[in-house]
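Colleague: Make a model of this:
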Amino acid sequence: MKYKILAIVWMVLIFVSSSTPSYDFPEVNWWGWAKIIHLIYFGILCLLLRQILLTQSMFPLLARHATLFAILLATFYGVTDEFHQLFTAGRHSQLTDVFIDALGACLFYAGAKAVQFLRMKRIDAA
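Modeller: Numbering: from 1, shown residues only. Below is the predicted model of the structure:
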């Protein structure tokens, strides 16, 4: 239940951020900054969605393939986010942002798996 609430709150945060006109953001003169924000937003969303899918029991297929579906759902939310930005003053929609959202989902999952692997190695070594 807590992951569902966290995921909803996180999605609202993304929506509110996308609803903010670009001229209301502090100016950062580094192109990569916005892309890093996309990676973080959608990477965290992917991890939250994965936990929800893993812990639900109504749809075993979703639980069995939680990672794939979490990446797909996070990416789909990225598509809706870019569509939403078409209607926000000073914002624009970019297909590259959707790819970066998907990359963020994949990278955060890979990072979580790496941490899990390292913890298991530490336990085995002890």
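Colleague: start to end distance for stretch 82-101?
Modeller: 10 Å (Cα to Cα, to the nearest Å).
Colleague: how far out from the middle of the chain is the host helix or strand of residue 72?
Modeller: Residue 72 belongs to helix 66-85 when elements are defined using DSSP states H and E. Relative to its chain's centre, helix 66-85 lies at 8 Å (Cα atoms, centre = their mean, to the nearest Å).
Colleague: and if you look at stretch 97-111?
Modeller: Counting by Cα atoms, centre = their mean, stretch 97-111 is centred 7 Å from the centre of its parent chain.
Colleague: buried ones in the longest helix seen in the chain?
Modeller: In the chain, taking DSSP state H as the definition, the longest helix is helix 95-125. Residues 97, 98, 100, 101, 102, 103, 104, 105, 106, 107, 108, 109 are the ones in helix 95-125 that count as buried (16 or more other Cβ atoms under 10 Å). Placement of C-beta: from N, CA and C, glycine included.
Colleague: and the spatially closest residue to the second one that is not a sequence neighbour, what does it touch?
Modeller: Read it as residue 98. Nearest in space to residue 98, with sequence neighbours left out and distances taken as Cβ to Cβ, 6 or more residues apart in numbering, is residue 78 at 4.9 Å. Neighbour list for residue 78: 38, 42, 97, 98, 101, 102 [criterion: Cβ atoms under 8 Å, 6 or more residues apart in numbering].
Colleague: any idea how far the fifth one is from residue 59?
Modeller: It refers to residue 101. Separation of residue 101 from residue 59 (Cβ to Cβ, to the nearest Å): 24 Å.
Colleague: by how many degrees do the lowest-mean-pLDDT helix or strand in the chain and helix 66-85 diverge?
Modeller: The helix or strand of the chain with the lowest confidence, counting by mean pLDDT, DSSP states H and E, is helix 95-125 at a mean of 88. With axes from the mean of the first three to the mean of the last three Cα atoms, to 10 degrees as the basis, helix 95-125 and helix 66-85 are set at 150 degrees to each other.
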